[in-house]
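Enquirer: 3D model of this:
(3 chains)
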Amino acid sequence: MSALTRQIFLPVRDYDLAATLASGQAFRWQARDGGWEGIIGPHWVRLQTRDGGIFAETAAPVADWTWLKNYLQTEADLGAVLKAFPDDEPMHAAVTHCRGLRLLRQDPWECLASFILSSTKQIVQIQQIVALLCERFGERVTTPPGRAAAFSFPDCAALALRSERELRDCRMGFRAPNLLRAAQMVARREIDLARLHTLSVAAARHELVRLPGVGPKIANCVLLFASGFQSAFPVDVWVMKALRELYFPRRRVGEKRIHQFAATHFGPHAGYAQQYLFHYMRTKK
DNA sequence: AGCCAGGCTAAAT
DNA sequence: ATTTAGCATGGC
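Expert: Okay, the predicted model is just below:
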């Protein structure tokens, strides 16, 4: 039916590729020659902002582009999301600072594994660890002629077979046993990542925190970035700082109260609000 | 050199 | 029930 092509144009307004791909939700994108290059599943992709949308190129011919639209969420109604944000100064400032920032819809296993690796690591370092992991244990994917080799994110079964030592050698330190055991649990289907989105947020979160190295913050990242729960609100050091400085200036407020505030103030798209605050905090000034 | 990084966990209060 | 140290590693 559908023709094989290596290019597609996705019409969309208000989509800031740079903010979206480099805001710490995904760790495999690189800016190059005015575009962004990365791997989605088994596909090497290059993305470029064009008038009225995003131009995408792959290395291998593609019949069905659903995977790309799904990943980028180009059909999401950003206007409706922004409209539902609380009508206050901090959110106005954050939205003004990075309008066009979007949430991706990532593969749950890649997202989970990446965020298990994220704890007390800077984003650059997470990117380095993930890159090593892919080179060593991922599958080779087709790249354009003359381009360096590229690799898919290793699936849970591939990592479940490795030794803790092999993972540790990717410079992930004390996170290695957590990643290994999580890979084994997912591979044995002790938890079904693909079905999390069919549960309630609370039930899905309860499932995730059974995994080693996964607490509330990382669980919320997976719920938000991979399972489509837009109410999930990961609170890391940056967001904690943003909430304190923007909403409770010159006051000492306990962490518990901040969490309570975060859980009630931001509405149905709280996760989106969180990403705006996170990116605003990290890139302003 | 010392501090901190998109935290989690077990042990100690 | 709440707080705290330890956990590897690398960048600044």
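Enquirer: following the longest strand seen in chain A, which helix or strand comes up?
Expert: Ranked by number of residues, the top strand in chain A under DSSP state E is strand A:53-62. Next along the chain after strand A:53-62, taking DSSP states H and E as the criterion, comes helix A:66-72.
Enquirer: follow-up on the earlier one: tell me what the longest strand of chain A is packed against?
Expert: In this structure, strand A:53-62 makes packing contacts with strand A:5-11, strand A:43-50, judged by 3 or more Cβ pairs under 8 Å, 6 or more residues apart in numbering; DSSP states H and E. C-beta: built from backbone N, CA, C; applies to glycine.
Enquirer: Single out the most deeply packed of the ones you listed.
Expert: strand A:43-50 (a mean of 18; mean count of other Cβ atoms under 10 Å).
Enquirer: Point me to the residue of chain A nearest DNA strand C.
Expert: residue A:173 (2.7 Å; Cβ to the nearest atom of the strand).
Enquirer: Kindly confirm my reading that that residue is in a helix.
Expert: Yes. Assessed with DSSP: H, G, I helix; E, B strand; the rest coil, residue A:173 lies in a helix.
Enquirer: Next, count neighbours for it.
Expert: 13 (other Cβ atoms under 10 Å).
Enquirer: Quick check: phi and psi on residue A:34?
Expert: Backbone dihedrals for residue A:34, given as degrees, to the nearest 10, come out at phi 80, psi 10.
Enquirer: Once you drop chain neighbours, what's closest to it?
Expert: Residue nearest to residue A:34 in three dimensions, not counting chain neighbours: residue A:48, with 6.7 Å by Cβ to Cβ, 6 or more residues apart in numbering.
Enquirer: I'd like the helices and strands packed on strand A:53-62 as a markdown table, with mean pLDDT and distance to DNA strand B appended.
Expert: Converted to a markdown table, the helices and strands packed on strand A:53-62 look like this (pLDDT from 0 to 100; distance: least, Cβ to the nearest atom of the strand, whole Å):
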| stretch | mean pLDDT | distance to DNA strand B |
| --- | --- | --- |
| strand A:5-11 | 98 | 23 |
| strand A:43-50 | 98 | 19 |
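Enquirer: Export these to TSV and append columns for distance to residue A:120.
Expert: Output for the helices and strands packed on strand A:53-62, formatted as TSV (distance: least, Cβ to Cβ, whole Å):
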stretch	distance to residue A:120
strand A:5-11	36
strand A:43-50	30
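Enquirer: Strands along chain A, start to end?
Expert: Remark: strands assigned in chain A by DSSP E are A:5-11, A:30-32, A:35-40, A:43-50, A:53-62, A:140-141, A:150-151.
Enquirer: now the fifth one and strand A:5-11, what's the angle there?
Expert: Put simply, strand A:53-62 runs at 160 degrees to strand A:5-11, going by axes from the mean of the first three to the mean of the last three Cα atoms, to 10 degrees.
Enquirer: and strand A:53-62 with strand A:35-40, angle?
Expert: Inter-element angle recorded for strand A:53-62 and strand A:35-40: 50 degrees (by the same axes, to 10 degrees).
Enquirer: Next, the angle from strand A:53-62 to strand A:43-50.
Expert: For strand A:53-62 against strand A:43-50, the angle by the same axes, to 10 degrees is 160 degrees.
Enquirer: now strand A:53-62: mean pLDDT?
Expert: When pLDDT is averaged along strand A:53-62, the result is 98.
Enquirer: near DNA strand C, which residues of the stretch 101-250 of chain A show up?
Expert: With Cβ under 7 Å from any atom of the strand as the criterion, the stretch 101-250 of chain A meets DNA strand C at residues A:120, A:121, A:122, A:124, A:125, A:128, A:168, A:171, A:172, A:173, A:174.
Enquirer: now, which of those residues sits nearest residue A:141?
Expert: residue A:128 (19.4 Å; Cβ to Cβ).
Enquirer: Tally up the residues packed near that closest one, please.
Expert: 16.
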